[in-house]
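**Student:** here is my input, please return the structure:
(one chain, ligands or ions: 1)
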Amino acid sequence: MTNRVVLIGHPVAHSFSAAMQQAAFDALEIDARYELWDRRQIDLAEAIAELRGDDFLGANVTIPHKEHVVPMMDRLTDDAAVTGAVNVISREGMKLIGHNTDVTGFKAALDKVVGKQKMPRHAVVLGAGGAGRAVVSALISEGFQRIVIFNRHLHRAEGIVRHFSKSASHMDLRAMPWHESVLEAELSKTKVLVNATSIGMVPGETPIPAELLPPDLFVIDLIYNPPVTQLLKDAASARCTTLGGELMLLQQGARAFELWTGKPAPVEAMQAELDRTREHGLRRIAVDMGPAGAAASTDGTASSHAAGEPAPRG
Ligand code: NDP
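**Tutor:** Take a look at the predicted model:
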């Protein structure tokens, strides 16, 4: 029986996870297939229920469902419970376990960008979705003393502050409205800036005007496609130290692979596939559009593969 792992989100076609994880299964000759399931929130519970089947090793969860799946899990690991978001699901018999490997992935990115310098204590986080939660969770556990979250819809940032009220009771965690003057004032006081919004996935778009960026910040953009976003270009021009989302993608993915298979992840094969994807584009993989939709594929063409049928590779 070929084992299955799926990415559940809306949309999913842009994701590099399928290429990276399939390369890992192939490198270790594990008989498993990574599939892309595009599901709206209304179809989410049904998709999660399907994962209890014997053929599933587990799943990844992405935009915008990382918080929605939390109550659908039988058990949460500490990182997922603390964060309030799940990006990896593993299976123990019929039980579904929710994990958050974005937290570990982000810590690896933070360590890399800070390098040998002293870990800063103040950060500005843009975005309050599932990724924003993982970033805040990681920053709190790294000992940050002041974290300011900006989000288009302020109430979501305030929700994160409420969620972390206990674990952040010793420090200053606050939500602020997304006004340029407020952003500018905060950026002048901080050392770390993290973009955890999806603004920048379209080349040229940026969450922050270039002139607001002070020099000498550590700037991490969670977006990995494009590998260098407009924010990172502007930050490099302002003499900031910058890092894109690929290292986090690799590290969260390696941890996920280990949770599904119980084997050490073949990180070099995964990195090689990311390099190949960046250079030559995504391989064509069918996207299962769920109960209501027709199948599409990662290269944007219509697919002859109906929902639920095996996704072709290459
Ligand atoms: P969510 O859908 O949960 O959150 C999206 C965030 O982006 C929200 O804060 C949302 O604000 C904001 N946003 C979206 N569009 C706009 C807009 N037009 N203007 C202002 N704000 C906007 O997604 P995730 O948190 O899961 O992911 C966020 C980003 O992080 C994505 O680009 C994703 O690819 C990346 N990511 C990268 C990872 C990696 O390993 N490198 C891991 C996880 C995520 P609002 O709440 O107001 O709608």
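
**Student:** please report the distance of residue 124 from the ligand.
**Tutor:** Distance of residue 124 to the ligand, given as Cβ to the nearest ligand atom, to the nearest Å: 14 Å. No exception for glycine: its C-beta is placed from N, CA and C like everyone else's.

**Student:** can you classify that residue by secondary structure?
**Tutor:** strand (DSSP: H, G, I helix; E, B strand; the rest coil).

**Student:** what pLDDT does it get?
**Tutor:** Looking at residue 124, its pLDDT stands at 98.

**Student:** buried set for the helix or strand residue 112 falls within?
**Tutor:** Element membership of residue 112, judged by DSSP states H and E, is helix 102-114. Buried positions in helix 102-114, judged by neighbour count with 16 or more other Cβ atoms under 10 Å: 102-110, 113-114.

**Student:** what's the answer for stretch 198-210, then?
**Tutor:** 198-200, 206-208.

**Student:** one more: stretch 247-258?
**Tutor:** Neighbour-count burial for stretch 247-258 [16+ other Cβ under 10 Å]: 247-257.

**Student:** hmm, back to that, now intersect the buried residues of stretch 198-210 with the strands, please.
**Tutor:** The members of these all map outside strands under DSSP state E.

**Student:** these also near the ligand: which ones?
**Tutor:** 198-199 (Cβ under 6 Å from any ligand atom).

**Student:** going by distance to residue 287, which of the buried residues of stretch 198-210 wins?
**Tutor:** residue 198 (18.2 Å; Cβ to Cβ).

**Student:** dihedrals phi and psi, the closest residue to the closest one other than its chain neighbours?
**Tutor:** Once flanking residues are discounted, residue 198 sits nearest to residue 63: 6.7 Å by Cβ to Cβ, 6 or more residues apart in numbering. As for residue 63, its main-chain torsions (degrees, to the nearest 10) stand at phi -40, psi 130.

**Student:** tally of neighbours for residue 63?
**Tutor:** 16 (other Cβ atoms under 10 Å).

**Student:** what residues are up against it?
**Tutor:** The contact partners of residue 63, by Cβ atoms under 8 Å, 6 or more residues apart in numbering, come to 9-11, 129-130, 198.

**Student:** most neighbours out of the residues you listed, which is it?
**Tutor:** Top of the contacts of residue 63 by neighbour count (other Cβ under 10 Å): residue 130, with 26 neighbours.

**Student:** OK, contacts around that one?
**Tutor:** 61, 63-67, 85, 87, 102.

**Student:** doesn't residue 7 lie inside a helix?
**Tutor:** No - read with three-state DSSP, residue 7 is strand and lies in no helix.

**Student:** skipping its backbone neighbours, what lies nearest it in space?
**Tutor:** Nearest residue to residue 7, sequence neighbours excluded (Cβ to Cβ, 6+ apart): residue 60, at 4.5 Å.

**Student:** distance from the one helix or strand the one you found maps to to the middle of the chain?
**Tutor:** Here residue 60, judged by DSSP H and E, is contained in strand 56-61. Averaging C-alpha positions (Cα atoms, centre = their mean, to the nearest Å) puts strand 56-61 15 Å from its chain's average.

**Student:** what residues does the following helix or strand past it touch?
**Tutor:** Downstream of strand 56-61, the first helix or strand assigned by DSSP H and E is strand 75-76. With contact meaning Cβ under 8 Å, 6+ apart, strand 75-76 is reached by 70, 86, 95-99.

**Student:** quick revisit: who does the helix holding residue 112 touch, helix- and strand-wise?
**Tutor:** helix 78-83, helix 130-141, strand 218-221, strand 241-243, helix 246-261 (3 or more Cβ pairs under 8 Å, 6 or more residues apart in numbering; DSSP states H and E).

**Student:** okay, the buried residues of stretch 198-210 in CSV with pLDDT next?
**Tutor:** Formatted as CSV, the buried residues of stretch 198-210 follow (pLDDT from 0 to 100):
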residue, pLDDT
198, 93
199, 97
200, 97
206, 98
207, 98
208, 96
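
**Student:** so residue 97, which of the three states?
**Tutor:** strand.

**Student:** so it makes contact with residue 90?
**Tutor:** Yes - contact criterion Cβ atoms under 8 Å: residue 97 and residue 90 qualify, at 4.9 Å.

**Student:** quick one: which of the two has more around it?
**Tutor:** More crowded of residue 97 and residue 90, by other Cβ under 10 Å: residue 90, with 23 against 18.

**Student:** the ligand versus the residue lying closest to that one once chain neighbours are set aside, what's the distance?
**Tutor:** In space, and not counting its chain neighbours, residue 90 is closest to residue 58: 4.3 Å by Cβ to Cβ, 6+ apart. As defined by Cβ to the nearest ligand atom, residue 58 lies at a distance of 17 Å from the ligand.

**Student:** residue 58 contacts residue 86, correct?
**Tutor:** No - with contact defined as Cβ under 8 Å, residue 58 does not reach residue 86; the gap is 10.9 Å.
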